[in-house]
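Starting from these lines, generate the structure:
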Amino acid sequence: MFTNILVPFDGSHGAQDALDRATELAKLCDAQVTILTVYRHHSMLEASFSMVRAKDPGNMDDAMREHAREVAEFGKSLARERGITKLRAFAKVGQPARTIVAFAREHGCDLIVIGSRGLGSVEDYLLGSVSHKVTGLSGVPVMVV
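Got it, this is the predicted structure:
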């Protein structure tokens, strides 16, 4: 049925619920689970705020990238706990919905399982959730949990 299930994962309860559902399906189909954490690029103004941290003068993009990697690894550990062995995890920068859809296309994912609400911004509430955008843009089936 499915061979490569993509789970966009931000660590939220909704994302964890989606991961639970994806792992159940993966076991039934003997499918691979691919976890993707997407983080946004920050402007130079936002990055300049990191300059005031005397102990950690790194830029905001580096901090976001590292956090995204940690979140993806957390998702991977949860999937392992649920018995998944065919497993990959990635962290990518970009606009979340478009990045998720492009990633699914590039990596041959044949199902996207996504939480209905994650750790989105106020912008998401005004312009529509990431899950809603993914369902509109995706060329593969999307299960919203």
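
quick one: the strands in this structure?
Here the chain has its strands, by DSSP state E, at 4-8, 32-39, 87-93, 111-114, 142-144.

residues contacting the residue nearest to residue 23 when sequence neighbours are not counted?
Leaving out its chain neighbours, the residue that sits closest to residue 23 by Cβ to Cβ, 6 or more residues apart in numbering is residue 82, at 4.2 Å. In this view, the C-beta of every residue, glycine as well, is placed from N, C-alpha and C. If a contact means Cβ atoms under 8 Å, 6 or more residues apart in numbering, then residue 82 has 19-20, 23 as its contacts.

rewinding a little: CSV for the strands of the chain, including mean neighbour count, mean pLDDT and distance to residue 102?
Compiled in CSV, these are given as follows (neighbours: other Cβ atoms under 10 Å; pLDDT from 0 to 100; distance: least, Cβ to Cβ, whole Å):
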stretch, mean neighbour count, mean pLDDT, distance to residue 102
strand 4-8, 27, 98, 11
strand 32-39, 24, 97, 10
strand 87-93, 17, 97, 9
strand 111-114, 27, 98, 12
strand 142-144, 18, 96, 14
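
Would you format those as JSON lines with distance to residue 61 included?
As requested, the strands of the chain are exported to JSON lines (distance: least, Cβ to Cβ, whole Å):
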{"stretch": "strand 4-8", "distance to residue 61": "20"}
{"stretch": "strand 32-39", "distance to residue 61": "8"}
{"stretch": "strand 87-93", "distance to residue 61": "8"}
{"stretch": "strand 111-114", "distance to residue 61": "24"}
{"stretch": "strand 142-144", "distance to residue 61": "29"}
